[in-house]
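In: Mind looking at a prediction? Sequence and model below.
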Amino acid sequence: MEGCRPMARDTKSDICKAALDVIAAKGVEGASLREIAEAVGITKASLYYHYASKQELVSALLMPLVDDMRQALQGLDERTWSPAATREVLENFIDALIRHRDVGVWLARDLGALTAFEDVLGEMFALTGRLHRWLAGPDASVEDRIRAVAATEVVGGVLSSSITVGEATDTVLRETLLEASLDVLKASVRQPAA
């Protein structure tokens, strides 16, 4: 299925933008296709031409995030863990989430309604689980695994809060989240004593 990717002005892109706005305000269940169509300035029938159902539209909103998460974590399992590699992996992951921070806001607020999209959410959770295991490092202790989860939660928690960081630029977000995540991982990313 084709996701919602920014491109030259076209109806499909306009539908995706309007859907994000309406769903962010009302949730998946509260948003109607009629409202989304009205926000775009098209008929509901025109919307159905592009997306056969609300489920298809919501999946199209989620897929670019999932695709970018996949891309950010590509080759992760074959990558050797090191402090420098940890920084690069986190940078890639943070960049993927920042590109889709608008999706992150409504995901955080409406995760329960998204259970109908368990295949997409399942893949997101699987990707994040792979990241947690890798960030924890080889021969990870329980504390290392907790830090790995906490490091990614720092990123997700901040990006899902439009109230507190809505005005932050992508550059400020990226650098601050990277440093905060690395601080959480600090004990894990320290060079082992010789």
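Out: Sure, I can see it.
In: Downstream of the lowest-mean-pLDDT helix or strand in the chain, the next helix or strand is which one?
Out: Taking mean pLDDT, DSSP states H and E as the measure, the chain has helix 162-165 as its least confident helix or strand, at a mean of 61. Next along the chain after helix 162-165, taking DSSP states H and E as the criterion, comes helix 170-184.
In: List the contacts of that next one.
Out: Contacting residues not belonging to helix 170-184 are listed as 86-87, 90-91, 94-95, 98, 101, 147, 150-152, 154-155, 158-159, 165, 168, 189 [Cβ atoms under 8 Å, 6 or more residues apart in numbering]. Heads up, the C-betas are built off the backbone N, CA and C, glycines and all.
In: which one is the residue nearest to the spatial centre of the chain nearest to, not counting chain neighbours?
Out: The residue lying closest to the centre of the chain (Cα atoms, centre = their mean) is L97, at 4.3 Å. Counting by Cβ to Cβ, 6 or more residues apart in numbering, L97 lies nearest to L159, which is 5.3 Å off, once chain neighbours are set aside.
In: And the helices in this structure?
Out: Along the chain, the stretches classed as helices by DSSP state H are 11-30, 33-40, 44-50, 54-72, 83-99, 101-109, 118-136, 142-159, 162-165, 170-184, 186-189.
In: Confidence-wise, which of those helices is weakest overall?
Out: If the helices of the chain are sorted by mean pLDDT, helix 162-165 sits at the bottom with a mean of 61.
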